[in-house]
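Novice: Structure for the following, please:
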Amino acid sequence: MIALFDLGFDGPTGFTCEALAWKDAKPWRGVDPKHRWLPIDGPEVDFYLEAAANPRATDAGAEPAPSMIALRHAPEPAFIFRHAVLAIAESPEAGLNGFALDPSHRITAVGRAHIDTAWEWPIREAKRKVARSWSTQLALMDTYPDYVFAASQPAQYAWMKESYPDVYSRIKKKVAEGQWEPVGAMWVEADCNLPSGESLVRQLLNGKRFFMREFGHETKVLWLPDVFGYPGNLPQLISEAGCDFFLTQKLSWNDTNKPEHHTFIWEGIDGTRIFTHFPPAGTYNGTFSPEDIERSIHNFKDGHSSGRSLYLFGWGDGGGGPQPEMIESAHRLGVEIGHASDFFEAASAEATGLATVAGELYFELHRGTYTSQARTKRLNRLAQQALREAEMWSVAAGGDYPSGELEGLWKTLLLNQFHDILPGSSIDWVYEETERDLSQVVETANAVSDRATAIIAGGGDRVAIFNSTSHPRGGAPPCGWAVVDKPPEVSSRSMENEFLRVEWNDGGLLTSIWDKKRAARS
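Specialist: So this is what the prediction gives:
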């Protein structure tokens, strides 16, 4: 038996009413307009739903389902199970499985639930969205042993580890069994235009290190399906981080020049070459509709060089990920559900005569991403500089290096470089929290620098000049410091240095000479 729920607010994916069902005091499954049912084990059952609605403010008339209004007002159960309508599910006829796709083009389907770390909801709600969608997918894996789900953004895994440990332990089990694939490489799916090169390196470092430490898994794919353009130096960073492959879907949204290739070699400004794939269905929220599958085959622009493409399916942004119907469709169509890493290994090995695309992959749609939310952009720059100096002077000072403190500050900065935060495309609520968090990063990093420079300067009356730039400045060498004698202190009636204090009267006559070394008046 199943229980079917209508929570209302049935709008676009991500702007609906979503709930997390708990069973035996543990997160169990997400409930949303795309995943309305829960299995019932026996004649009596208690469901506890933690629900949240996020309708778009510009949409008028959105209301909860009438039957759900009771949840607002009373602590007693909102529903009592009194009647069951039974249905028998018959297996499809064998003849329906005789359908076959074009064997010259092989599609690898990967389950996904793309969830923006912040966008038209704050980070705190994104955490709940992740718990709901990932719980649903874990349950789906138990039903379909061949099903594979891929999830990026180690920051979101860290949320589950901290706030939903039972969900996280189930994820680790499914990773070990091969049904859950960590993908991504970066800490979050970060904007790649505004962060410094060092920040992009730290995104890769922290992302890959988390996956390696938690799962023993080294991802070879930089997975950025939704980011607003990619600079020409990114292939070099990808390669140096130990990644061999790059995926995005975003450029299919270009409003003027559509991409000329779906599988190609991306060449960076230094000559680094990276095998790159754009899923030809043009979506990361595929539904396994006939149109999607047809587009995956006939829209593919590099059939002369490659016979494979990747298809990303599942509802994102709180939609719960793939539905059972999608997996059943894959089985009917004979589409392989597999690992993204296996696709890239096979596609790169088989491809011949691939085109080369050099330099920046520019995104021709979202505008104002270099200017919107200027305070956030300024704080990002200040935080990057403050962390650089905090690390530099802490190393120079010797002693105990504040690695834990600095790592926490870096992760806060990296989180707020997410591709809907830093470019300026999120709601105001997000920026209130981002500006608060980045201001704290700057303040704390500056305090770390102050402690370190005080140790370097030592005591006494001498002055240390610190220069964190890459060129000489103020008498100090690049990325170094210089110690100078303290300049004399002069007032209208006295002059003082480390040896003497001299005073005079209005007529210019000396009235006192104090010898500091002898502690006596001369």
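Novice: Low-confidence regions, the protein specifically.
Specialist: 1, 7-15, 42-100, 461, 487-488 (pLDDT under 70).
Novice: in the top helix by length along the chain, what counts as buried?
Specialist: Counting by DSSP state H, the longest helix found in the chain is helix 428-457. For helix 428-457, the neighbour count (16 or more other C-beta atoms under 10 Å) marks 430-431, 433-435, 437-438, 441-442, 444-446, 448-449, 452-453, 457 as buried. For glycine as for every other residue, the C-beta is placed from the backbone atoms N, C-alpha and C.
Novice: Mind giving me the packing neighbours of that helix?
Specialist: For helix 428-457, the elements it packs on are helix 374-397, helix 403-415, strand 463-467, strand 480-484, judged by 3 or more C-beta pairs under 8 Å, 6 or more residues apart in numbering; DSSP states H and E.
Novice: ok, and what's touching the longest one?
Specialist: Residues from elsewhere that reach helix 374-397 (C-beta atoms under 8 Å, 6 or more residues apart in numbering): 194-196, 198-199, 370-371, 401-402, 406, 409-410, 413, 416-417, 421-422, 424, 431, 434-435, 438-439, 441-442, 445-446, 448-449, 451-453, 455-456, 466, 468, 479, 481.
Novice: List the contacts of S163.
Specialist: Contacts of S163 (C-beta under 8 Å, 6+ apart): 127, 131.
Novice: what's the spacing between it and A126?
Specialist: According to C-beta to C-beta, to the nearest Å, S163 and A126 sit 12 Å apart.
Novice: try P402
Specialist: 29 Å.
Novice: Identify the bridge partners of I274.
Specialist: W266 (DSSP bridges).
Novice: Around it, how many other residues sit close by?
Specialist: 19 (other C-beta atoms under 10 Å).
Novice: do the same with P103
Specialist: Neighbours of P103 using other C-beta under 10 Å come to 8.
Novice: Give the helix, strand or coil label for it.
Specialist: Judged by DSSP: H, G, I helix; E, B strand; the rest coil, the three-state class of P103 is coil.
Novice: got the residue ranges for the helices in the stretch 101-250 of the chain?
Specialist: For the stretch 101-250 of the chain, the helices defined by DSSP state H, counting those that start in this stretch cover 123-143, 154-163, 165-177, 197-215, 234-240.
Novice: cool, the stretch 251-400 of the chain as well?
Specialist: Counting by DSSP H, counting those that start in this stretch, the helices of the stretch 251-400 of the chain are 290-298, 324-333, 340-350, 374-397.
Novice: Just put those helices in JSON lines and tack on mean neighbour count and distance to W514.
Specialist: Formatted as JSON lines, those follow (neighbours: other C-beta atoms under 10 Å; distance: least, C-beta to C-beta, whole Å):
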{"stretch": "helix 290-298", "mean neighbour count": "16", "distance to W514": "88"}
{"stretch": "helix 324-333", "mean neighbour count": "17", "distance to W514": "88"}
{"stretch": "helix 340-350", "mean neighbour count": "18", "distance to W514": "77"}
{"stretch": "helix 374-397", "mean neighbour count": "19", "distance to W514": "35"}
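Novice: For those helices, could you give me TSV that also reports distance to A25?
Specialist: Listed next are the helices of the stretch 251-400 of the chain as TSV, based on distance: least, C-beta to C-beta, whole Å:
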stretch	distance to A25
helix 290-298	39
helix 324-333	26
helix 340-350	34
helix 374-397	39
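Novice: Disregarding residues adjacent in the polypeptide, which is nearest to I513?
Specialist: S522 (4.3 Å; C-beta to C-beta, 6 or more residues apart in numbering).
Novice: Neighbours of the one you found, how many?
Specialist: 10.
Novice: Likewise for T356?
Specialist: T356 sits with 10 neighbouring residues when counted by other C-beta under 10 Å.
Novice: Find the nearest non-adjacent residue to it, please.
Specialist: I265 (4.7 Å).
Novice: now do F499
Specialist: In space, and not counting its chain neighbours, F499 is closest to K516: 5.8 Å by C-beta to C-beta, 6+ apart.
Novice: Can you tell me which residue is spatially central in this protein?
Specialist: Centre of the chain computed as the mean C-alpha position; nearest residue by C-alpha atoms, centre = their mean is V188, 1.8 Å away.
Novice: Quick check: the gap between it and S169.
Specialist: Taking C-beta to C-beta, one finds V188 at 23 Å from S169.
Novice: re earlier: what about the helices of the stretch 251-400 of the chain, which gets the closest to P231?
Specialist: Among these, helix 374-397 comes nearest to P231, with 15.9 Å by C-beta to C-beta.
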